[in-house]
Structure formats: C-alpha cells, structure tokens
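> Take this sequence and fold it.
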Amino acid sequence: MKKNLLNFSFALLCFSASAQITITQADLPTVNSFVITANDTLYSGTAGTTGTNQVWNFPGLINHDIDTTGFVGPAGQMGASNFPTANMCIASPADSTWMYVNGSAGSFDVLGYYTYDANFGGWLSLNFNPTYKYITLPSTYNTSFNNTAKTFIKIPYTALPPADSIWLRESIAQTSNMDGWGNVTTPVGSYNALRQKITEIKIDSIFAHAFGSWNFLQATPDTDVIYRWWANGKLFPVLEMTKDFAGNMKKPTSYMMLSNVGIADPGPAKGLYITAFPNPAETSINFTFPDNAKGASFIIYDALGREFSSTTIQSPQLNVNTTSFEAGQYFFRYINKADGTVMNGKFVVTK
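Now for the predicted structure:
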C-alpha cells in the first residue's frame, strides 16, 4: 500500500509539473511594469511540436544582447494625442519612437507608432485601423483569432518627380492559434506555458500622386511565422521566435530574463549614467553611480541571463572583485525605486 501511495504521489507531481493554463489580462503588462529580454542571434533550431502536454527545451540559448521594455502611461508622451484610446505607451526616445497600446480584458492591441523619419518629412503618426492584435483574452488551448491590421499615411514627397506626394500602405493579415500547452525551459527557468502560433502575411504598398491621380508603384509581400510561449504572471512571452514560411529564423530568438510591476523603465533619463572601469576587467571592476544611488538595487547577470549577484548600493562607487568570474560577457541593471530610474549596461571579464 505504501508503495502504491508513493507511486500515486509521484504521478500527481508529474501531472502538476505541466498543466494547461489560461492567459488573462492579469498576465499582461500594466502601466509602470517592465520586462528584460535576452536575444540569441544565432539560434536556428526548430520551435518544437504542437499539441497537449508538450516539453519544449531551449536551455542552450545564448544571451548576445538584452532589451528592456517599459510600459508607461500615455499622458505627456510624444504623439499621445494621436492615440486617444491608448492606456499604455512604450517610449523609446533613443529611437525616436513611441508605441501606443491598449490592454483590456478582451485583448492586447497595438494601436500604432509615433516616430521620426527624416526621409518622409519628419514626425509620422502610424495608426493601425483595425488595430494589430498581439493576443486575445482569455486564451487557453485552441483559442484562435483572425485579424487584418492596416495602416497608411499620405505625405508630400518630391524625390520621385513628377510625383508630389506618396501613399504608403501596410496590411497585416494575422492568423493566430494557441496550438500547444506544456512545459518550456529557457536558460532562466522552466514554466507551465501556452504556445501561440501566429502566421502574418504583410503587404507593403506604395502609390505615388502625379498629374492629379494616384498611381500604383509596387507591393512587397512578406510572411512571418511567430511562436510565443506565455506563462502566468510573467507579463510578456517567456520565449519568442520568428521564422519565415520555409522555417528559417528571421529575427533573434528572445527569452525573458526578468519582469516586474511597479517600476517604469524610462531608461537613462535626466542625464544619469553609470560608468564601469576598467572594461574589460581582469581582477576587479569599478562602478560609478548617480549621487542619489544609495538604496538602489544593482544586479549582475551572466551571459545566459541568470542572476549572478545582487547588491544594495550604499555609496556612489562600488568595487566588484571579478577573480571568481568566468571569462565572458556580463550584464548589469540599476533600479532606483526612489525616483523610478532604471539603467542597463554590460561589461566583459577576461582572464
């Protein structure tokens, strides 16, 4: 009897290790949340299989660089008046781009972009109508949707005489299905996950206005097959990869390193910065922080995105002994809850 109970307990553990989940609004970003993702620029493998109780193993992904995405309120952001229904904004001042989104109980939609392009006359507002759908909610196994997002803009343009203006139009036909559930493993951890497969057929068209009429110039079609693995409470996909229709990787495969709620991520603002010297480092490295850094968190991650060390800053200078570090690239993150400043960087250790 004891052996049977042990076997039954083990079976329960195995079952609970990979259970079907439901993704709701509670699992997606809110204002003042952020996520950090690592990008593997060389991965060329498969996305795994579809179906129930799957095991997707990607522990060997490499962290070649990191991205930080912060969600802030739209009020006061560049171009916000062009997106009156937005309730969140992803601000990227360094790229002169502000992306506006609307998160609700029913879906997470991209409303469009406000961006600067000198080739097309400066600031542009690119509004999706219908909106681009990232995910519909609630989502569980076999939840699906079809959507066609469209955006266009007409702008003066004299580089193609006798044309006086051009019309740029983009259409994205989306077919999405939650095609599998199970357990996914990345270099950071393992998660009960729901996999979303999205096929997107994008057509970019250009029309030129000349002699009083619009004339078609060209249309460029492109197909993406996107795989996203969602987990409860993580705010963003824990893994994402994009392939072309033939199965070749099109973009870096990204996996989540960290997510949090309650701290916006405006990036290095107000002239703040962190210096790291010497970089590359051999036996030690010195970090210099803003004057108000006391009490802020300073986290170092290894090349796989795993937390290597965490320190509460006590003064504007910090010396880190690197003799126990393996040679390679490391990443750091500075979080000051007092003023909402979040900064990232990287350094190299040599031996």
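> domains of the protein?
Each structural domain of the chain that the record assigns through automatic domain parsing is listed here as a residue range: 19-261, 275-349.
> Least confident of those, on average?
The stretch with the lowest mean pLDDT among the domains of the chain is domain 275-349, which comes in at a mean of 86.
> Need the distance between the two termini of it.
End-to-end distance for domain 275-349: 15 Å, by CA to CA, to the nearest Å.
> how far does that domain sit from the chain's center?
The gap between the average C-alpha position of domain 275-349 and the chain average comes to 23 Å, counting by CA atoms, centre = their mean, to the nearest Å.
> Can you lay out the domains of the chain as CSV showing mean neighbour count?
All C-beta atoms are positioned from the backbone trio N, CA, C, and that covers glycine. What follows is the domains of the chain, written out as CSV (neighbours: other CB atoms under 10 Å):
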stretch, mean neighbour count
domain 19-261, 17
domain 275-349, 16
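> just checking, next helix/strand downstream of the helix or strand Lys154 falls within?
Under DSSP states H and E, the secondary-structure element containing Lys154 is strand 144-156. Where DSSP H and E defines the elements, the next helix or strand beyond strand 144-156 is strand 165-185.
> strands paired with the next helix or strand along the chain from that following strand, and their directions?
Next in sequence after strand 165-185, counting helices and strands by DSSP H and E, comes strand 190-210. Strand 190-210 pairs in its sheet with strand 165-185 (antiparallel), strand 213-230 (antiparallel), by DSSP bridges.
> To Ala338, which of those strands lies closest?
strand 213-230 (32.5 Å; CB to CB).
> CA atoms only: put that closest one into PDB for me.
Listed in PDB are the C-alpha atoms of strand 213-230, where the atom choice follows Å, rounded to 0.1, in the frame of the first residue of the first chain:
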ATOM      1  CA  SER A 213      -4.200  60.900 -59.800                       C
ATOM      2  CA  TRP A 214      -2.800  58.100 -57.600                       C
ATOM      3  CA  ASN A 215      -0.600  55.500 -59.400                       C
ATOM      4  CA  PHE A 216       0.400  52.200 -58.000                       C
ATOM      5  CA  LEU A 217       4.200  51.700 -57.800                       C
ATOM      6  CA  GLN A 218       4.900  48.500 -56.000                       C
ATOM      7  CA  ALA A 219       3.800  46.000 -53.400                       C
ATOM      8  CA  THR A 220       6.200  43.900 -51.200                       C
ATOM      9  CA  PRO A 221       4.700  40.800 -49.600                       C
ATOM     10  CA  ASP A 222       6.300  39.100 -46.600                       C
ATOM     11  CA  THR A 223       5.300  36.200 -44.300                       C
ATOM     12  CA  ASP A 224       6.300  35.700 -40.700                       C
ATOM     13  CA  VAL A 225       5.500  32.700 -38.500                       C
ATOM     14  CA  ILE A 226       5.800  33.800 -34.900                       C
ATOM     15  CA  TYR A 227       5.900  31.500 -31.900                       C
ATOM     16  CA  ARG A 228       5.200  32.900 -28.400                       C
ATOM     17  CA  TRP A 229       5.300  31.000 -25.100                       C
ATOM     18  CA  TRP A 230       3.100  32.600 -22.400                       C
END
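> and the strands paired with strand 190-210 as a markdown table, adding distance to Gly112?
Shown next, in a markdown table, are those (distance: least, CB to CB, whole Å):
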| stretch | distance to Gly112 |
| --- | --- |
| strand 165-185 | 11 |
| strand 213-230 | 19 |
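> Ser310: which of these is closest?
When the strands paired with strand 190-210 are compared by CB to CB, strand 165-185 sits nearest Ser310, at 23.1 Å.
> That closest one versus strand 144-156: what angle between them?
150 degrees (axes from the mean of the first three to the mean of the last three CA atoms, to 10 degrees).
> so who does the nearest residue to Phe289 once chain neighbours are set aside touch?
With CB to CB, 6 or more residues apart in numbering as the measure, Pro316 is the residue that lies nearest to Phe289, at 5.0 Å, once sequence neighbours are left out. By CB atoms under 8 Å, 6 or more residues apart in numbering, the contact set of Pro316 is 288-291, 293.
> can you put these in JSON lines and add distance to Phe277 and secondary structure?
Supplementary listing: these in JSON lines, determined by distance: CB to CB, whole Å; DSSP: H, G, I helix; E, B strand; the rest coil:
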{"residue": "Thr288", "distance to Phe277": "8", "secondary structure": "strand"}
{"residue": "Phe289", "distance to Phe277": "13", "secondary structure": "coil"}
{"residue": "Pro290", "distance to Phe277": "16", "secondary structure": "coil"}
{"residue": "Asp291", "distance to Phe277": "18", "secondary structure": "coil"}
{"residue": "Ala293", "distance to Phe277": "16", "secondary structure": "coil"}
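> Before I go, just wanted to say thanks for your time.
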